[in-house]
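A.B. asks: Following is a predicted model, sequence given first.
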Amino acid sequence: MEAGTHRRMAQEEGKSLPEVQARVRASHGITDLTHKLQFYDHWAPDYDQDVATLQYRAPHLAVDCLTQALPGPPHTALILDVACGTGLVAAELQARGFLQLHGVDGSPGMLKQAQVRGLYQHLSLCTLGLDPLPSDEGTFDAVLMVGALSDGQVPCSAIPELLRVTKPGGLVCLTTRTNPSNLRYKEALEATLDRLEQAGVWERLVAWPVDRWELATSELELGPGASDSDGFISGIVYLYRKQEAG
């Protein structure tokens, strides 16, 4: 759908594209985790509509990437959606036949919206980076974290916790933005991912750059030399396989 169509839809529903951009830009600017979670609590009722206005594609892209690599019928796979928000990733998973879905998030407001969706078998309040995931080692066939890898959200130091709860041979799918305002975080993230690969705990299967990730919230966010000139920022999907035991 073209940006102009989304703009008209947002205006018809009482919220202009600039208003949505301002709210998302504000969220990107919060680097304190506690303040970020409070912001998400208040944002939760409008979150789905706002990110649709920005043509946010990460949940669809991440689930596409995971689906192509996960062996076996989807209904047999146990999936953990970390920083699940309102359940956009779960909606994509269910559409592809995944039924065993667990979710965790640090925002009670977001979890309330996810509960309404009715797609998760189990939801837990967990602030990754401060708390361990509420699951045993080697529980899940796949773990996803979509949209939460940036300043003020999930720190890079929490990545090993995702690996801990993944089964040997299981998959971990991650996303982050690659536009100029997130490059410092992306570099730190990739250093963490590479160290884990060098340590032999997982192997990278995919690093998929995507130009049309979502509409930028400002010219500053696009920065010079943007990969796309039509107002979109870029992002990337990573997919790793945890090494088998022994």
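C.D. replies: It's in. Every value quoted in this text rests on a predicted model; they were computed, and no experiment measured them.
A.B. asks: which parts of stretch 125-142 are buried?
C.D. replies: 126-128, 133, 135, 139-142 (16 or more other Cβ atoms under 10 Å). All C-beta spots, glycine's among them, are computed from the backbone N, C-alpha and C.
A.B. asks: How about stretch 189-203?
C.D. replies: Residues of stretch 189-203 classed as buried by neighbour count (16+ other Cβ under 10 Å): 189, 192-193, 196, 202.
A.B. asks: returning to what we had before: which one of the buried residues of stretch 125-142 is nearest residue 152?
C.D. replies: Within the buried residues of stretch 125-142, proximity to residue 152 (Cβ to Cβ) peaks at residue 127, which comes in at 11.9 Å.
A.B. asks: now, which of the buried residues of stretch 189-203 lie within strands?
C.D. replies: Residues of the buried residues of stretch 189-203 located in strands (DSSP state E): residue 202.
A.B. asks: Looking at the buried residues of stretch 189-203, which are in helices?
C.D. replies: Secondary structure from DSSP state H places 189, 192-193, 196 of the buried residues of stretch 189-203 in helices.
A.B. asks: What separation is there between the most centrally placed residue in the chain and residue 86?
C.D. replies: Nearest to the mean C-alpha position of the chain, by Cα atoms, centre = their mean, lies residue 146 at 1.2 Å. Per Cβ to Cβ, to the nearest Å, residue 146 is found 12 Å from residue 86.
A.B. asks: same question, residue 78
C.D. replies: Distance, residue 78 to residue 86, by Cβ to Cβ: 21 Å.
A.B. asks: These two - which one has more neighbours?
C.D. replies: The residue with more neighbours, out of residue 78 and residue 86, is residue 86; 27 against 18, by other Cβ atoms under 10 Å.
A.B. asks: Hmm, residue 119 and the more buried one touching each other?
C.D. replies: No - with contact defined as Cβ atoms under 8 Å, residue 86 and residue 119 do not form a contacting pair (10.4 Å).
A.B. asks: picking that back up, closest one to residue 28 out of the buried residues of stretch 189-203, please.
C.D. replies: Closest approach between the buried residues of stretch 189-203 and residue 28, by Cβ to Cβ: residue 189, at 15.7 Å.
A.B. asks: now the ones in helices among the buried residues of stretch 189-203 in a markdown table, with pLDDT and distance to residue 17?
C.D. replies: Formatted as a markdown table, these follow (pLDDT from 0 to 100; distance: Cβ to Cβ, whole Å):
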| residue | pLDDT | distance to residue 17 |
| --- | --- | --- |
| 189 | 98 | 29 |
| 192 | 98 | 35 |
| 193 | 98 | 34 |
| 196 | 98 | 39 |
